Structure formats: C-alpha cells, structure tokens
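A.B. asks: let me see the structure of the following:
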Amino acid sequence: MTGCANDGAGDPAGAGEADATTSASDDDGSSGTDGDDGSDDGSAPAVVGSCEYVSPFTQGAECRDYLGEGWSEDDVVADCEGLGGATALGQACAVEGMLGRCTIEQAADRVLEVVAYGDDAGACATQQLGCETFGGGTWDPAPLCQGDPGGSDGNVFIQPTLECRDPLPGEPPGAGPNGQVCTWQMISGCTEEGRHFEDYASCDVVRTQRPYYPSPPAEGWDQEDPRLDDPVYVEELAWVRSQIEASACVCCHSETAPNGPSNWYIEQPGNFINGLFDSGLAMGSRWLDSSAFGAYAPQDNNGFERETSGFPSTDPQRMRDFFVAELTHRGLSEADFAGMEDFGGPLYDQLVYEPSACEDGEGVRRDGSIVWDGAGARYVYVLDAGSANPTVPPNLDLPPGTRWRVDVPADGDPIESGSIAYGELPAGTTQRFPEQGAPPALTPGQTYYLYVTRDVALPITRCLFTY
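C.D. replies: This is a model prediction of the structure:
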C-alpha cells in the first residue's frame, strides 16, 4: 500500500513506514541496531533531540529521536525543519500509544529512532516491512504489534479502472462515449474540468492506493489573510480550488473524508492554501519533484497534466506560477529547497534501487518454478537484467524489459513461493504482460531480474538470477 501523499501534504522524504530512510546527511539507511535505546553494556547513547511531525505518506503521527555524538543540534534542527516538524532539543520522543520503533544506525555515533504512533494493529505489517525493507533498520514492535504481522494490513491496493458515468442532472454531456464522463479511479486521476472527482469515481478505491489518516493543517492556517480582499487573488484561488476538486486529491483533502481531512482541505475556512506546508507548495511549484508518484498523460486524464506542477492541471504553467507566488509570499525562494529530497520516500527509493544477485536459490529454476524468500505475493515480475524497477501505476509499474507479469486481484489469495512456474498462469490470477500469449522463453546462462511484491510498492524480493 502506498500513501495519500502526491498532493503536497508535508515533507517530501518522510514516508511513514519508510521515513527512517532519510536524514540530513544520509538517505540510504544501513542495517539497524537491536532496537533498544541502550547498547549491549547498558549505556544509552545521548539523545541530542527529537522531532515530532506528521508523515505525509501515511498521514500518521511520528517522532524521530536523534541519538549519538554524530548529531549536532544544528543537524537536528535542520532535519526536523525538512520534515515540517517541531524540534525538542535534549528531549526524547514519547512512547505512549506507539505501534513500534524503527532503529537505523547510520554510524556508530549517529543513530535515528523513528517512533510510529497509532492504535490500528492492521498497520503493523506495513510499518515493519517499510522499516526493514525500505529503511534498512530494525523494527521493535510495541505490544500491539507483537502478534503475527500477516501478509497484508487489510487494505489491498485496488488497481485503477476507467469509470464512465452519466453526467449529474443539470451538468453538460461528458466527453466520453454516449455523453458519459469517464474518470480513472486512481490517486493521479482527474475527472473533466469543472466537475467534482467524487461525483464520477470512487474515493474508497483511491484510498486503498495511498494510506489515509486525518491530520491537522499547517501551523498558522487560520490566521487572517488580507489577500482574500483582493478580487484578482480570490479569482485565481478559486480556479486552483476548482482544479483540485476535479482531482483525486479531494479523497483525502476534503471534510468529507471518512475520519476528517488529511492536513489541508478544500473547505478549510479562510485560505485553504495556508494549510499546506512549505514543501507542499514547493511540490506545486516543481521546486521539489514528485514524479515518483506516477502520472497519466494529459490525453488520458481529461486534459490534466502534473509534470509542470505537482498538482494536476489543465493549465499547468498557470498552476505552477500560482505556487511560486505562494512561496514568494512566504518569503521563500528555490534556493531554500536546495538539497532537500524530492517527494516519494520509498517510491523514489525503489525507482533508484540497484538489485544484487539472488541468494538461497531465489529466481526461476530450470524447471520453471519461481522461488523467493518471503511472504505470499500479489505481483510477480520477471524482467530483463538492467530494466527499471516497477513501482506504481499508471506509468511506472510496467517498465520496458518486462518479460512476464502476474497480478493477483484485490480479493484473491497471494501466490506462495514455488507455487508458480514461468509462463504458467495460476488459477485466479491475471497475466498483465504480455497481454496475450506466452512470455518469451528464458535463455540458459542469461541473467534476469526477479521482482516480487507483497502489494504495490511493498517489495519482497528484488534480485538478479542466472537461468
């Protein structure tokens, strides 16, 4: 499951279960410690400070402890500012109400401990997988998470479908067949300009594609904004809102969201733009890149594009200019974001991941059986060596070089290691690629790439094998 975060909710690098992958100086993570606050001799590394923030990827509350002499107070402040959080120097994170702690040892004297809060045991598997797979850390579960994490957190990613509906009474005919309005049910999808996304697609489907959690808007969101007395500004703000209302952003950023909005929301009193963090505005201005979230081509998305701005728009340069002006209003320039990581968290990490050789017999064996080390899978790929890593739909999940891809539907049972053979489709699954016919035969002695995921963006095995 990925996160409701391609909308500028907050920190670009913070990614909930994978937040621990980033810091002021190191973003790749390394093998973690045993998860305790202290070392083997009972001494505890000094807590230089902590940072409380809302993860834009899960929209859940998190806190970082910065442990060891390798962290300076300036390091802590800078890293926390990048997360849009609140720094507490010399003070450790609270542990009440936590799901667990992810410990990442960047160096012997430089340790990050990320505390994830919540009361939903269904989120434990995702948190553990993110910590260990994406963060390279050690997951220390709280009692709530000490049972079997299972194979899913209960919210399976539903693949996007094109939904065509009759226009609402009083609305003009749509551009689709027979005057219908056709909308991709996807977090990056948009309905026709001037319409509301939730009228023409299911937000319940969209919220399976990004974890949804309620969280408050940025500090100062409710301060009086004199620009609302400027009719030119008000007109432009209304246009931006109408563009957002046509997008799937409203599934999490509206007061109609099931448990309340995530960070900013379109019905917010006053100026809803003031609810965004600085980094969210930087995504809108494209000063921070968010392409790791994926996007439709405008011709497939009712004319909406999100390459020029991180927010989809039928006039992307106008949208970008609006967010540049907002950042200027806050006294910020592009230089203020130099060195900050782009949006995407684990999605970006997966895009740039460099696979290594398979171990312990993983790969496609000469009898065709596909073997991996880990839980049941919903997506199995065999690709040419050197292919890009598959991540999220609509444009990053089927890279060139894919030889075979098998999907398990959202209501199906995961495939177990060894139960599937190359080119032989198991019952209840779908061959996504090739669209028809058998995949090309594997050549003995040739190296290929096995990519197996528990769900979209939750990899189990990513390794190179020789057939």
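
A.B. asks: three-state assignment of residue 454?
C.D. replies: strand (DSSP: H, G, I helix; E, B strand; the rest coil).

A.B. asks: what sits against the residue nearest to residue 65 when sequence neighbours are not counted?
C.D. replies: Sequence neighbours aside, residue 113 is the residue nearest to residue 65 in space, at 4.2 Å (criterion: C-beta to C-beta, 6 or more residues apart in numbering). C-betas here are computed from N, CA, C, even on glycine. Residues near residue 113 by C-beta atoms under 8 Å, 6 or more residues apart in numbering: 37, 64-65, 67, 93, 101-104.

A.B. asks: which of the residues you listed count as buried?
C.D. replies: The neighbour-count test (16 or more other C-beta atoms under 10 Å) marks 37, 64-65, 67, 93, 101-104 as buried among the contacts of residue 113.

A.B. asks: sorry, back to before: what's the distance between the residue nearest to residue 65 and residue 67?
C.D. replies: The gap separating residue 113 from residue 67 is 6 Å, by C-beta to C-beta, to the nearest Å.

A.B. asks: now residue 360
C.D. replies: Separation of residue 360 from residue 67 (C-beta to C-beta) stands at 33 Å.

A.B. asks: one more: residue 448?
C.D. replies: From residue 448 across to residue 67, the span is 41 Å (C-beta to C-beta).

A.B. asks: bridged to residue 54, which residues?
C.D. replies: For residue 54, the beta-bridge partners under DSSP bridges are residue 61.

A.B. asks: how many neighbours does it have?
C.D. replies: Using other C-beta atoms under 10 Å, residue 54 has 26 neighbouring residues.

A.B. asks: hmm, it is touching residue 62, no?
C.D. replies: Yes. Applying C-beta atoms under 8 Å, one finds residue 54 in contact with residue 62, separated by 7.4 Å.

A.B. asks: in strands only, show me the buried ones among the contacts of residue 113.
C.D. replies: With DSSP state E as the criterion, strands contain 64-65, 67, 101-104 from among the buried ones among the contacts of residue 113.

A.B. asks: can I get the residues you listed in JSON lines with distance to residue 319 and pLDDT?
C.D. replies: Listed next are these as JSON lines, based on distance: C-beta to C-beta, whole Å; pLDDT from 0 to 100:
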{"residue": "64", "distance to residue 319": "32", "pLDDT": "94"}
{"residue": "65", "distance to residue 319": "38", "pLDDT": "96"}
{"residue": "67", "distance to residue 319": "41", "pLDDT": "95"}
{"residue": "101", "distance to residue 319": "39", "pLDDT": "93"}
{"residue": "102", "distance to residue 319": "36", "pLDDT": "90"}
{"residue": "103", "distance to residue 319": "40", "pLDDT": "91"}
{"residue": "104", "distance to residue 319": "36", "pLDDT": "85"}
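
A.B. asks: still on that earlier bit, of the buried ones among the contacts of residue 113, closest to residue 352?
C.D. replies: Lowest distance from residue 352 to the buried ones among the contacts of residue 113 (C-beta to C-beta) belongs to residue 104, with 18.0 Å.

A.B. asks: show me what the closest one is bridged to.
C.D. replies: Beta-bridge pairing for residue 104 (DSSP bridges): residue 112.

A.B. asks: check contacts around residue 297.
C.D. replies: Neighbouring residues of residue 297 by C-beta under 8 Å, 6+ apart: 305, 395.

A.B. asks: let's have the chain start at 9 instead
C.D. replies: OK, 9 is where the count begins now, so the last one is residue 305.

A.B. asks: and the pLDDT at it?
C.D. replies: The score at residue 305 is 98. That number is its pLDDT.

A.B. asks: before we move on, what about residue 43?
C.D. replies: Note for residue 43: predicted pLDDT of 34.

A.B. asks: helix or strand for the residue nearest to residue 440 when sequence neighbours are not counted, which one?
C.D. replies: Among residues not flanking residue 440 along the chain, residue 413 sits closest, at 4.3 Å (C-beta to C-beta, 6+ apart). Taking DSSP states H and E as the criterion, residue 413 maps to strand 410-415.

A.B. asks: quick check: residue 57 touching residue 99?
C.D. replies: Yes. Residue 57 lies in contact with residue 99 (C-beta under 8 Å); the separation is 6.8 Å.

A.B. asks: these two: who's more crowded?
C.D. replies: The neighbour count for residue 57 versus residue 99, taken as other C-beta under 10 Å, is higher for residue 57 (23 against 13).

A.B. asks: for that one, phi and psi?
C.D. replies: As for residue 57, its main-chain torsions (degrees, to the nearest 10) stand at phi 180, psi 180.

A.B. asks: that one: what's it in contact with?
C.D. replies: Residue 57 sits next to 73-74, 79, 81, 84-85, 88, 95-99 when contact means C-beta under 8 Å, 6+ apart.

A.B. asks: quick revisit: residue 228: which of the buried ones among the contacts of residue 121 is nearest?
C.D. replies: Of all the buried ones among the contacts of residue 121, residue 228 sits closest to residue 72, with 22.6 Å by C-beta to C-beta.

A.B. asks: grab the nearest non-local neighbour of that closest one.
C.D. replies: Residue 72 sits nearest to residue 59 (C-beta to C-beta, 6+ apart), 4.5 Å away.
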